[in-house]
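Engineer: Pasting the sequence and the predicted coordinates here, then a few questions.
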Amino acid sequence: MKKLLYLALFMLIGAAIIGASILVGSNASWYVSWILGTALFVLLLAGAVIWFERLDAVRSDVP
C-alpha cells in the first residue's frame with residue numbers, strides 16, 4: 001500500500017509539472033510530457049513483466 005501511495009504522489013507531481021509547463025506556454029510542455037510518458041511506459045512494462053513472471057512461478061509451484 002505504501003508503494004501505491006508513492007506512485008500516486010509521483011503521478012500527481014508529474015501532472016503538476018505538465019500543468020505548469022502548459023501554463024508557461026513554451027514548447028517545454030511537449031518535452032516534459034514525452035519524458036514522463038516514456039518513463040511511465042517503461043515502468044508499466046517492467047511491472048507487467050514482473051507480474052507475468054510471478055504468475056508463471058505460481059503456476060509452476062502447483063502440482
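Structural biologist: Structure received. Numbers count the residues shown, from 1 in each chain.
Engineer: In terms of secondary structure, what does the least confident helix or strand in the chain by mean pLDDT contact?
Structural biologist: Within the chain, no helix or strand scores below helix 2-24, which has a mean of 75 by mean pLDDT, DSSP states H and E. Here helix 2-24 touches helix 28-61, going by 3 or more Cβ pairs under 8 Å, 6 or more residues apart in numbering; DSSP states H and E. The C-beta positions use only the backbone N, C-alpha and C, and glycine is treated the same way.
Engineer: I'd like to check the angle between the helix it packs on and helix 2-24, please.
Structural biologist: 160 degrees (axes from the mean of the first three to the mean of the last three Cα atoms, to 10 degrees).
Engineer: what mean pLDDT would you report for helix 28-61?
Structural biologist: For helix 28-61, the mean pLDDT works out to 78.
Engineer: how about the spatially most central residue of the chain, what does it touch?
Structural biologist: Residue closest to the average C-alpha location in the chain (Cα atoms, centre = their mean): L40, at 3.1 Å. Taking Cβ atoms under 8 Å, 6 or more residues apart in numbering as the criterion, L40 is in contact with G14.
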